[in-house]
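[1] take this sequence and fold it.
(one chain, ligands or ions: 3)
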Amino acid sequence: MTKKVGVSLKWVYLFSEGNASMIDVLGGKGTHLCEMANMGLPVPPGFVISTEACNAYYAEGEQFPPTLWDQVVEALRVVEKEMGKRFGDPQNPLLVSARSGGKVSMPGMMDTVLNLGLNEETVRGLVNATGSERFAADTYRRFIQMFGKTVLGIDASLFEAILEQFKLNVGVHLDTELSAENLKEIVSEFRRLVKAGIDKEFPDDPLKQLRLSIEAVFKSWNGRRAVDYRNFYKIPHDLGTAVSIMAMVFGNMGDDSGAGVAFTRDPATGDKTLYGEYLANAQGEDVVAGIRTPQKVDLLQQEMPDVYRELVNVAERLEANYRDVQDIEFTVEQAKLYILQTRAAKRTGRAAVKAAVDMVREGLLTKEEALLRVKPDDLRQSLFPKFDERTKEEVRNQGRLLARGLNASPGAATGKVVLDADRAAELGSSGESIILVRPETSAEDVHGMLVAAGILTARGGATSHAAVVARGLGKPCVAGCEELRIDLEGRYMTAGGMVVKEDEEISIDGSTGEVFIGRIPTIAPKLSGDSDLIALLGWANEVKRLGVWANADYPSDAARALEFGAEGIGLCRTEHIFFEEERLPIVQKMILSATEATAFQNELDRLKEEIERTYGDRQGKLKQRLAKMQEERDASPVVADYRDALAELAKFQIESFKGVLSVMAGKPVIIRLIDPPLHEFLPSYERVLVATTEFRIRGNDPAKLAESENLLRAIERMREANPMMGLRGCRVGLMFTDIYKMQVRAILTAACELAKEGIDVRPKIMVPLVGHQNEMRFVREQLEKVALEVEAEMGTMVDCKIGTMIEIPRAALIADEIAHYAEFFSFGTNDLTQYTFGFSRDDAEGKFLLQYVERGILPENPFQVLDRDGVGKLIKTAVELGRKARPDLELGICGEHGGDPSSIHFCHQVGLDYVSCSPFGVPIARLAAAQAALSVGEG
Ligand code: ADP
Ligand code: MG
Ligand code: MG
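    Ligands and ions are numbered 1, 2, ... in the order given. Predicted structure coming up:
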């Protein structure tokens, strides 16, 4: 802990003593209250107990550090003076709230206690001062309930049950319909409940209430919800919470009072209009809890125009001050506005982009600030899949529209209905697409929400827990779907006479609020038409240094990548062409004949060499043998199979390369030669074994049996104990040289044909899995020969560089040697991570890696976020060595990390030329690259 017990440590700050620089000490909420008070905004008077006091409280073994309490009481005296009321005064009592709030906002995760200072005496003082029995009783009822739950730990549902039963008995629906007498009776019952629960009288001394509440807020810093939340968002656990103590203002003083939440811009769209909700005759808690459905804040414009005007004015001043969209809590007490909180508003990605771009246009932000303001993840939302409108129309016509709720968080999701968070967490983490359906959500549901594809609730408004959390997570959410009846016992839900059982599929559209039965396919988003995003990404291009390329195998992927702003193709895999169904038999023919045909060819080559080294008679004999062998070869069905298969595959490859190269005209396209182990193209050993055995037992089809046995033997030959480290990558190219030659021939043929048509083609050939410089040298020699041949045949020249992937640690360590034969490097960080850690990703992620992360053995999954210390060190080494040997060496990354913002920062820092990621990731990478350029030196 930072502060040890001392004589004159300052733990408590009046609002007038705080300022913007004190957020570590006063927490977000506390600091902003101070700032607002000092701006002259209508904030009730109060003070802040520092986060250091909270930390000291823990350091002292959950004891107040010396002088803390004295400082609290002293500050309270100042508030009393300002309010002209005294705390605990039986004539005209001051009531206060004790509110939690750390440096980083954790909405709803910690505790707050309102209406502190009430007991049987002061409640009469409240009647005395306000003349309203009902108001006093209502406030007292709220106080006992909240204090009982939060400070004394009584089960909240017990209070709820009493309240509900009472309403039922007197025949009313809403809390607001209860009379003063009713409320007094409820208070008595509440007090009895508490007494039974804690086995003591309710603490009636106001100062004691205050002290206990401060402790409860301190403790809530380490409550389960708060700890879970910090773990998820990687917020440090030692920051501590501040406690803001402030005079109560009352939204529950009748119809000209109320409480609300307002956003300075629409948090879903970013539109510049005051957006929010207001609940008349209520305290703030009621709005967030979603108990009564609130009205839109616009209605205040008619009901209390002066209040509304002032609120709009406050919103503008706050935005100008914070230069960001604000989320404001306010209360109206008898037509007077009070501001109780402001913070940066959680918003959808779309709103984040729009607000940032608009603020540049309004002169509030510079372009650079706007670029830093939007989180790369925010773009993920704009690039979210949507439902296809036409399919949606069809589904509607089929009567599959189940219900309609609030469009609380945009995006489309389909999945199985799951009715509780625990089960959602379980199914969701096993990879199932699920929709969490709840009457309403609370902090207890967050673990289920984290893994859900979408969230649907029956109650609550656009600022309810479900809506706020979903927007924060960037997940689609439909909230307040009031026609929905959820039967948690029976595990089903109904709406409009339709029944959906748990585990059945539904589709929710968080942009429109619609809920459909069954699955609706989603369609890929488009960038065109989103002028704000286009503007932002345009600014990104002005500042970024890294190129952003895409990994794309097909012309359609390349076209999408181009639309999203890709400046090249960093990885075009060739094997997908082989995997396509109708091609598989050809590929299998190639593989099954490769060994024998290659052996034949090798024998011939050896003979030819020998002939060159001999003279006279012996040479004559060898020549005869060669002629004979050539005859044999020409007659060999295996060799013919091999040649035919290669020729056929070449045709498909040429076609496919022409597609990608012409889409990417004028831009580089890196084509990688075949990489996976060849047996991946063959049927599984086990399956063929079973088939062979069946043929054998039936014994009625000897031809089929022989064919099956052949296949089995071939597969057996290709089988490897550890294919990831077996015959793959350039090793295949070196063992079966014709396969790589065929591919290079195809690439150059495609390129030359297009070049002849006047298309600016820029192919580059990439050799995978090089570990030793000689691998690169041998492959390169072969390939260059073929390239020259093709160019001679076609009568054109195409500039085609040859480079390699760096994905084996050895290659990184001797990158200078490799650079002699490679004109570019592309870091294949998926494999590089596997080989550096000695993890096989498929095994590791399934078996132990996620646990490693959970238990803190690894800080992060290294397949998602680049391991800078280890893998990163190899990259740095390779960059330095490579550039030393070849100054104009081109350097990029094409592993999945190429799309991860934090890894992109690293790529910027080590001086790569470009990152290459999935086509959808291109906009995110452009923004991340810009942010990296803007924050150079920040690490
Ligand atoms: P949370 O982090 O859960 O929003 P807050 O500390 O903001 O907790 O308080 C909960 C609710 O009580 C909010 O709606 C807030 O506006 C309201 N509130 C807090 N203090 C006061 C007060 N002094 N007077 C009136 N309402 C208050
Ligand atoms: Mg709040
Ligand atoms: Mg690889």
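[2] neighbouring contacts of stretch 303-313?
    42, 256, 262, 274, 297, 300-301, 328, 330, 332, 335-337 (Cβ atoms under 8 Å, 6 or more residues apart in numbering). For glycine as for every other residue, the C-beta is placed from the backbone atoms N, C-alpha and C.
[3] just the CA coordinates of it, formatted as PDB?
    Extracted C-alpha coordinates of stretch 303-313, given in PDB (Å, rounded to 0.1, in the frame of the first residue of the first chain):
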ATOM      1  CA  GLU A 303     -43.700  18.600 -19.100                       C
ATOM      2  CA  MET A 304     -41.000  20.800 -17.700                       C
ATOM      3  CA  PRO A 305     -39.500  22.900 -20.500                       C
ATOM      4  CA  ASP A 306     -37.200  24.900 -18.200                       C
ATOM      5  CA  VAL A 307     -35.700  21.800 -16.700                       C
ATOM      6  CA  TYR A 308     -35.300  20.300 -20.200                       C
ATOM      7  CA  ARG A 309     -33.600  23.400 -21.500                       C
ATOM      8  CA  GLU A 310     -31.200  23.400 -18.600                       C
ATOM      9  CA  LEU A 311     -30.400  19.800 -19.100                       C
ATOM     10  CA  VAL A 312     -29.600  20.400 -22.800                       C
ATOM     11  CA  ASN A 313     -27.400  23.200 -21.700                       C
END
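[4] what sits against Pro236?
    By Cβ under 8 Å, 6+ apart, the residues touching Pro236 are Arg230.
[5] that one and ligand 1, how far apart?
    19 Å (Cβ to the nearest ligand atom, to the nearest Å).
[6] what do you get for Phe47?
    According to Cβ to the nearest ligand atom, Phe47 stands 12 Å off from ligand 1.
[7] can you count the residues close to that residue?
    27 (other Cβ atoms under 10 Å).
[8] for it, which three-state class applies?
    strand (DSSP: H, G, I helix; E, B strand; the rest coil).
[9] was I right about it contacting Ala75?
    Yes. Using Cβ atoms under 8 Å, Phe47 is in contact with Ala75, at 4.0 Å.
[10] joint contacts of the two?
    In contact with both Phe47 and Ala75: 12, 14, 245, using Cβ under 8 Å, 6+ apart.
[11] just the residues you listed: which are in helices?
    Using DSSP state H, the subset of the shared contacts of Phe47 and Ala75 located in helices is empty.
[12] scan those residues and report the most crowded one.
    Going by other Cβ under 10 Å, Ile245 tops the shared contacts of Phe47 and Ala75 with 24 neighbours.
[13] please, which helix or strand holds Leu279?
    Using DSSP states H and E, Leu279 sits in strand 275-280.
[14] same check on Ile486?
    Following DSSP H and E, one finds Ile486 within strand 485-487.
[15] for the protein, give me the ranges with low pLDDT.
    For the chain, residues meeting the criterion pLDDT under 70 lie at 1-8, 288-291, 381, 384, 463, 472-474, 524, 580-581, 846, 936-939.
[16] quick check: residues of it near ligand 1?
    Counting by Cβ under 6 Å from any ligand atom, the positions of the chain adjacent to ligand 1 are 44, 97, 99, 107-108, 112, 114, 246-249, 259, 283-285, 288, 329, 331, 340-341.
[17] quick one, what contacts whichever residue of the stretch 601-750 of the chain sits closest to ligand 1?
    Here the stretch 601-750 of the chain gets closest to ligand 1 at one residue, Met724, 49.5 Å apart by Cβ to the nearest ligand atom. Met724 makes contact with 834, 840, according to Cβ under 8 Å, 6+ apart.
[18] same check, this time on Leu832
    Leu832 touches 806-809, 812, 871, 874-875, 895, counting by Cβ under 8 Å, 6+ apart.
[19] equivalent analysis for Asn710, please.
    Leu592.
[20] now Ala282
    Under the criterion of Cβ under 8 Å, 6+ apart, the neighbours of Ala282 are 176, 251-252, 258-259, 292.
[21] please identify which of those is nearest to Cys54.
    Ala259 (26.9 Å; Cβ to Cβ).
[22] and the closest one, what are its bridge partners?
    Counting by DSSP bridges, Ala259 is bridged to Leu279, Thr331.
[23] what is the end-to-end distance of stretch 564-571?
    Using Cα to Cα, to the nearest Å, the end-to-end distance of stretch 564-571 comes to 16 Å.
[24] got the contact list for it?
    By Cβ under 8 Å, 6+ apart, stretch 564-571 touches 527, 537, 541, 547-552, 558, 561, 660, 664, 667-670, 672, 766, 826, 892-894, 898, 914-916, 919-920, 922-923, 926.
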